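>>> One predicted model, sequence on top.
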There are 2 protein chains.
Amino acid sequence: MSEDKNISPDWIAVDWGTTNLRAWAVSKSGRALDMACSSDGMGGLERDQFETVLRKSIACWNLGGSTTVVACGMVGSRQGWIEAPYTKAPCKPLPDGLIKAPVNGDDLSVYIVPGIRQDNPSDVMRGEETQIAGFIATNPDWDGVICLPGSHTKWVHISAGEVVSFQTFMTGEMFDTLSQNTVLRHSIANEGWDDDAFIDAVSDSMSKPERIAGRLFSLRADGLLAGQSAQVARARLSGLLVGAELAAARPYWLGQQIAILGDEKLAKIYSAALLEQGVSAMRTDADHMTVAGLNAAYQSLKETA
Amino acid sequence: MSEDKNISPDWIAVDWGTTNLRAWAVSKSGRALDMACSSDGMGGLERDQFETVLRKSIACWNLGGSTTVVACGMVGSRQGWIEAPYTKAPCKPLPDGLIKAPVNGDDLSVYIVPGIRQDNPSDVMRGEETQIAGFIATNPDWDGVICLPGSHTKWVHISAGEVVSFQTFMTGEMFDTLSQNTVLRHSIANEGWDDDAFIDAVSDSMSKPERIAGRLFSLRADGLLAGQSAQVARARLSGLLVGAELAAARPYWLGQQIAILGDEKLAKIYSAALLEQGVSAMRTDADHMTVAGLNAAYQSLKETA
């Protein structure tokens, strides 16, 4: 793992979530030269283990005498390396003031990007603000709504370079727990898909969202009685949940310019569901936006230094 | 465990679900003399283990030379002791023809009650049909809707002693998996309750069911930002899910005579939610109905013998 790749980064970008860490060696121009991964997410670490994990993850690169690391994500939560308190929306996605993490030695300076909170209705984000900053840096003067699909999908209203308001939907985590931890696990495949079943379920769920609670068990019963395949059931469950989300998120996407920023598979699903509602969403590469956002944070750090 | 209690049943009633078994020693008059429990539910047993588990569970009673056992629940599923194929609704809750399970020796005769299926929309029940039969035996000529709250809550339309139609809601299992297996576990207590928070959430969810998908993460965010207690969050989650169920089940309870048949805590919750909609539901004891239903099955067996 510590094989020398002969890569000499100018600085290091880190996206450190609950379940994993990804680090990029970044050039002076802001380009990712290499990526390193670790499954040592925030969720499994004690406070004094973060530095060791980071050092191990970036050991394969040639670091100079003093390297700056800029990190975003759950690493800045109360249970993380050091708490980077939420900034209150409306605000720029990267407000002034990164939080410096304690490090042994002066070869590394580690800074953490704060998350954003919204007080009414209550909501929080950590990590997404950095992707949003990357998107805004890449698309200046863009106003509209960014959808960031994932375990906790976020819909974020952007205007004049600020996060105006946002809402989180647990759609991804609901899909995972319903398909793995309930009776539906007997009827739902781990892989496979059916585009028509997905779109039908989205439409069904959007047009009669009050029936969502009654639709779920039918995934089981249709498997038992009507021979529904486990792949169709998988796409239907996803469609029911995404449809319920779109019904609730309507104020965010109706008549708005939309960008989807996330994992390619998920982006494709959301894009198809929105297209069915007559909304053409722009799709962007999430990793690219993460590095661009961390780069914006790094540049702001140099300006204030 | 096999201590002799000097109890001599006329026959034995068994409710054998996925996660546990309950057996009652029943008198000639249909009265439960004693109950025995086991955690050997259908879910953990191979086909050839059912007889051993049953014999162990009832060993504490004095059985005569030949004893009849009548069982309901998942013991009759395809993965159970022997499959008791579903009867198609509309039908009596206890159609003719119990299924005889294979037993070594002639000291026990074991009969299993079939479940009920509905083809459009697809739905199934196993165990509830017996409770319904008990309810009808206890309340002859009753027409209306029976709500059986649980992991998989059922709403069952009864007319002229028949199951006309029914619908299953995964509300209980959703509550369990959301509160235990998602990020909400950090914000939701295992115990505790708040009546007002529950009723508010039911009303919120019923009046705007299309927003349910957006309400869930607010349970987490209100805990982080607004100091919401984990007991309030527990009651709110329950209220959101029960409210979504009531919104979807409206055709079942609106303008109908309602009986709630289930666990006391759950019955109380559903009763409070329905009362808020102006519906007074009758509450009945679930165990009593199970034994009464198995007794009706046993009596039909004697008539056809």
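Yep, it's here.
>>> What does the pLDDT read for residue A:75?
With respect to pLDDT, residue A:75 scores 97.
>>> swap that for residue A:270, please
Reported pLDDT for residue A:270: 98.
>>> Could you count how many residues lie near the closest residue to residue A:172 other than its chain neighbours?
Nearest non-adjacent residue to residue A:172, counting by C-beta to C-beta, 6 or more residues apart in numbering or on different chains: residue A:151, 4.0 Å away. Where C-beta positions appear, they are placed from N, C-alpha and C, glycine not excepted. Residues lying near residue A:151 (other C-beta atoms under 10 Å in any protein chain shown) number 18.
>>> do residue A:231 as well
16.
>>> Contacts only, for it.
Counting by C-beta atoms under 8 Å, 6 or more residues apart in numbering or on different chains, residue A:231 touches A:189, A:191-194.
>>> switch to 6 Å and redo it
Under the criterion of C-beta atoms under 6 Å, 6 or more residues apart in numbering or on different chains, the neighbours of residue A:231 are A:189, A:192, A:194.
>>> Tell me the buried residues within those residues.
Listed as buried from the contacts of residue A:231 are residue A:194; burial here means 16 or more other C-beta atoms under 10 Å in any protein chain shown.
>>> Redo the contacts of residue A:231 as JSON lines? Include distance to residue B:242, pLDDT and secondary structure.
Output for the contacts of residue A:231, formatted as JSON lines (distance: C-beta to C-beta, whole Å; pLDDT from 0 to 100; DSSP: H, G, I helix; E, B strand; the rest coil):
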{"residue": "A:189", "distance to residue B:242": "30", "pLDDT": "96", "secondary structure": "coil"}
{"residue": "A:192", "distance to residue B:242": "33", "pLDDT": "95", "secondary structure": "coil"}
{"residue": "A:194", "distance to residue B:242": "32", "pLDDT": "97", "secondary structure": "coil"}
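>>> Could you dump the contacts of residue A:231 into CSV with distance to chain B added?
What follows is these, written out as CSV (distance: C-beta to the nearest C-beta, whole Å):
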residue, distance to chain B
A:189, 18
A:192, 20
A:194, 17
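>>> Is it possible to get TSV of the contacts of residue A:231 that adds distance to residue B:302?
As requested, the contacts of residue A:231 are exported to TSV (distance: C-beta to C-beta, whole Å):
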residue	distance to residue B:302
A:189	47
A:192	50
A:194	50
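>>> returning to that earlier point: assign the residue nearest to residue A:172 to helix, strand or coil.
coil (DSSP: H, G, I helix; E, B strand; the rest coil).
>>> for residue A:61, same thing?
Residue A:61 - assigned by three-state DSSP - is coil.
>>> ok now do it, which residues does it touch?
With C-beta under 6 Å, 6+ apart, residue A:61 has these contacts: A:7, A:9, A:25.
>>> hang on, the second one packs against residue A:25?
Yes - counting by C-beta atoms under 6 Å, residue A:9 does reach residue A:25; the two are 3.5 Å apart.
>>> what's the closest non-adjacent residue to residue A:166?
Using C-beta to C-beta, 6+ apart, the closest residue to residue A:166 is residue A:156 (4.2 Å).
>>> What residues are bridge-paired with the one you found?
Per DSSP bridges, the residues bridged to residue A:156 are residue A:146, residue A:166.
>>> Spit out the contact partners of it.
A:146, A:163, A:166.
>>> ok, the first one to residue B:15 distance?
It refers to residue A:146. According to C-beta to C-beta, to the nearest Å, residue A:146 and residue B:15 sit 52 Å apart.
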